[in-house]
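*Asks:* Following is a predicted model, sequence given first.
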Amino acid sequence: MRTSAVSGIIFANSNDNLLKKLTAIRSMASVPFGSRYRLIDFSLSNLVNAGVYNVGIITKENYHSLMDHVGSGLFWDLDRKNGGLHLLPPYISSGLKRYSGTIDALYGAKDFIKRCKSDYIVLCAGDILANVDISDVIDCHIKKGADVTTVYHKGILPPNRDDAMIFDLEDDGRIASIKFNCDIGTEAYYGIGITVISRDLLSNLVYEAYHDDLPSFNRNVLAVKLKELKIYGYEHSEFVSLMNGTDTYYKANMALLNSEVRKQLFNKERPIYTKTRDDMPTRYGTKSSVSNSIIGSGCVIEGTVINSIIFRGVKVEKGAVIKDCILMQETCVGANSELSNVIADKNSIIGKNKSLSGTEQKQIFISKNQIV
């Protein structure tokens, strides 16, 4: 299939309300992850690895950090004369308000959908943490003659994901029913926010739903038209994490300390690309100690780091002990301080001789630029 046959759309502000501490100043898609990445890197890389080089990113608010990160799309090979990366900023619906649901968002992107002239569109939520073979999803979609194909995972659905579809499947993979609520802790087949659909069908469904004042593409369109449309599921059996709170974000980062999870997320055949930052290698003091941790470039580590995710440019002074923590870019931890189960946003400063201790279930959060 020619690369121009498929375009992608990413919803940058998916579920911002579920990660309020980290999305107060940025979109969900630009939330930092894993010492050097942003969440959007996974959706962008999934698309590019499948040969999709025409991608629109629908934004709503707090998108300046996102713009700075993705730029022209250079690091994903999306800086192109034909196709490439398109930021689709918020629009004012009927002159009164910004979009309030996925139908509004897609209707606002109707010009992009029309101009791309692709046969198929891949819709991606901005908070998908998975390495998905979208090329295979598209192939299965075409072979089965599906109207819609949506990617699902078998597991325990995180709570508070009200728009996540829960499926019952027929033997051939066709979706027999769609629900939106299940008991907490129950294993289910649930959608992870990736859907393949023809461009013409998407345009028609969105136009109809928008003029009927329907808010949700999943709940008010796909679920309602299940009997009319041939909707199939595609199983992604490897690691998946959907953001539903600070605790989920913390656990997803800590999961990277598991080598099997790293292999699944950072598949050599489908690399995850991100914005590069030229920096010197991390420097370690003569009395420093690091174990079972991921350390970004440009750091200065003079203390002890255990079971932690350390982003670029972090400084850990002498005598400081960092355990089970996530320290984002340019954070500084003063001498002889002890941190346990802490999430520190960018450019935060923890002074000397401080002691901050959260738990695995409830971490201490330090805001961007905060001084403690």
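*Replies:* Everything's here; your move. Numbering: from 1, shown residues only.

*Asks:* hey, let's count contacts and neighbours off CA atoms from now on
*Replies:* OK.

*Asks:* where's the residue of the chain positioned farthest from its centre relative to residue 300, distance?
*Replies:* Going by C-alpha atoms, centre = their mean, the residue of the chain most distant from its centre is residue 286, 37.6 Å out. Computed as C-alpha to C-alpha, to the nearest Å, the residue 286 to residue 300 distance reads 11 Å.

*Asks:* surely the residue farthest from the centre of the chain meets residue 301?
*Replies:* No - applying C-alpha atoms under 8 Å as the test, residue 286 and residue 301 come out as separate, 9.5 Å apart.

*Asks:* check contacts around the spatially most central residue of the chain.
*Replies:* Among the residues of the chain, residue 127 comes closest to the average C-alpha position under C-alpha atoms, centre = their mean, at 2.8 Å. When contacts are counted by C-alpha atoms under 8 Å, 6 or more residues apart in numbering, residue 127 touches 12, 14, 15, 28, 29, 39, 40, 242, 243.

*Asks:* cool, residue 198 as well?
*Replies:* Residues near residue 198 by C-alpha under 8 Å, 6+ apart: 119, 120, 121, 147, 148.

*Asks:* Inside strands: which ones of those residues?
*Replies:* The strands, defined by DSSP state E, take in 120, 121, 148 from the contacts of residue 198.

*Asks:* Among the residues you listed, the buried ones, what's the ChimeraX command?
*Replies:* The ChimeraX command for the buried members of the ones in strands among the contacts of residue 198 (criterion: 16 or more other C-alpha atoms under 10 Å) is given here:
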select :120,121,148
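
*Asks:* per-residue confidence averaged over the longest strand along the chain?
*Replies:* Assignment by DSSP E gives strand 187-198 as the longest strand of the chain. The pLDDT scores in strand 187-198 average 95.

*Asks:* Keeping just the C-alphas, turn that strand into PDB.
*Replies:* As requested, C-alpha coordinates have been extracted for strand 187-198 and formatted as PDB (Å, rounded to 0.1, in the frame of the first residue of the first chain):
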ATOM      1  CA  GLU A 187     -10.600  -8.700  33.300                       C
ATOM      2  CA  ALA A 188     -12.000  -7.600  30.000                       C
ATOM      3  CA  TYR A 189     -11.200  -6.900  26.300                       C
ATOM      4  CA  TYR A 190     -10.900  -3.100  26.200                       C
ATOM      5  CA  GLY A 191     -10.100  -0.600  23.500                       C
ATOM      6  CA  ILE A 192      -6.800   1.200  23.900                       C
ATOM      7  CA  GLY A 193      -7.600   4.200  21.800                       C
ATOM      8  CA  ILE A 194      -6.400   3.200  18.300                       C
ATOM      9  CA  THR A 195      -9.100   3.000  15.500                       C
ATOM     10  CA  VAL A 196      -8.800   2.500  11.800                       C
ATOM     11  CA  ILE A 197     -11.600   3.700   9.600                       C
ATOM     12  CA  SER A 198     -12.000   4.800   6.000                       C
END
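
*Asks:* List the strands paired with it, with their directions.
*Replies:* Paired neighbours of strand 187-198 in the sheet (DSSP bridges): strand 120-125 (antiparallel), strand 148-156 (antiparallel), strand 166-169 (antiparallel).

*Asks:* Now do the buried residues in it.
*Replies:* Judged by neighbour count using 16+ other C-alpha under 10 Å, the buried positions of strand 187-198 are 188, 189, 190, 191, 192, 193, 194, 195, 196, 197, 198.

*Asks:* hang on, the fifth one packs against residue 238?
*Replies:* No - when contacts are counted by C-alpha under 8 Å, residue 192 is not listed as touching residue 238 (11.9 Å).

*Asks:* Quick one, grab the pLDDT at residue 182.
*Replies:* Note on residue 182: pLDDT of 75.

*Asks:* List the residues that contact it.
*Replies:* Applying C-alpha under 8 Å, 6+ apart, we find residue 182 in contact with residue 166.

*Asks:* ok, now with 6 Å
*Replies:* Contact analysis of residue 182 by C-alpha atoms under 6 Å, 6 or more residues apart in numbering lists nothing.
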